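1. got a sequence here, can you model it:
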Amino acid sequence: MNERSSLGSPPPQLAAIEAVVQSLGFSMSCDSLTGELLRALAASKPGSRILELGTGAGTSTAWLLAGMSPDAALTTVENDPQLIAAARHVLSGDSRVRFVEQDGADFLRQSQGEHFALIFADTWPGKFEHLDEALALLDVGGIYIVDDLNPQPQWPAGHAPKVPILRQRLHSVPWLSVVELHWSTGLMIGTRAW
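-> Residues are numbered from 1 along each chain as shown. Prediction:
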């Protein structure tokens, strides 16, 4: 697949976020290809609620915000106080985003009954762990997306053996229409059919 980036402009906050990422030594931010896809997917859900699990320093948060309509709302969850503080510092001027400093598993347990039109799971809870709880939050017609499924040098210990299990689990959900993209860092996208 052609991995040439589009000619679209990156979010204006991205340079400030990348400076923070470098200063913190954080190596798990989403790349620009995934970011552009997130922007496009967010744009497909005007006026909707969007969930990001794993804010990091805010790179993917900025891409999601760049695609969202003015009346959409983003909840982004991060358990690392230093990372979420950095993201909050750069992005808190946007009233569409709500930052939640909490363990992703706890957030998922406490949020049962809520619904989101788009879920980007970029951390273990909601992806490798507590997947059923994350998928239960997805609207009918909603999109679930994960990245980092192709081998990466910065993968933390234990990441690699979880990837084939996740792939198998997502393909086994009867109401989720799934596609794998061997592009960017390796993506899977699922849409809730019913």
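2. run through the chain and note the low-pLDDT ranges.
-> Applying pLDDT under 70 to the chain flags residues 1-7, 26-29.
3. check which residues of the lengthiest helix in the chain are buried.
-> Counting by DSSP state H, the longest helix found in the chain is helix 159-172. Of the residues in helix 159-172, 159, 163, 166-167, 170 count as buried by neighbour count, 16 or more other C-beta atoms under 10 Å. C-beta coordinates here come from the backbone N, C-alpha and C atoms, glycine included.
4. and what of stretch 87-106?
-> 87-88, 90-91, 97, 99-100, 104-105.
5. assess the claim that T76 and Q102 are in contact.
-> No - using C-beta atoms under 8 Å, T76 makes no contact with Q102, being 10.8 Å away.
6. burial measure for S44, as a count.
-> By other C-beta atoms under 10 Å, 11 other residues sit near S44.
7. now the element after the helix or strand where A15 lies, going C-ward?
-> Using DSSP states H and E, the element containing A15 is helix 14-24. Later in the chain than helix 14-24, the nearest helix or strand by DSSP H and E is helix 32-43.
8. hmm, back to that, want to throw the buried residues of helix 159-172 into JSON lines with distance to R49?
-> Listed next are the buried residues of helix 159-172 as JSON lines, based on distance: C-beta to C-beta, whole Å:
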{"residue": "H159", "distance to R49": "28"}
{"residue": "V163", "distance to R49": "28"}
{"residue": "L166", "distance to R49": "24"}
{"residue": "R167", "distance to R49": "27"}
{"residue": "L170", "distance to R49": "22"}
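9. circling back to that earlier point, max pairwise distance over the buried residues of stretch 87-106: which two?
-> The most widely separated members of these, counting by C-beta to C-beta, are V90 and A105 (26.1 Å).
10. let's check: the centremost residue of the chain is which one?
-> F120 (2.8 Å; C-alpha atoms, centre = their mean).
11. ok but that residue is inside a helix, no?
-> No - under DSSP: H, G, I helix; E, B strand; the rest coil, F120 sits outside any helix and is assigned strand.
12. distance check, it against A16.
-> Separation of F120 from A16 (C-beta to C-beta, to the nearest Å): 21 Å.
13. just L131 next, same as before
-> From L131 across to A16, the span is 33 Å (C-beta to C-beta).
14. neighbour-wise, which of those two wins?
-> Neighbours were counted for L131 and for A16 using other C-beta under 10 Å; L131 has more, 21 against 17.
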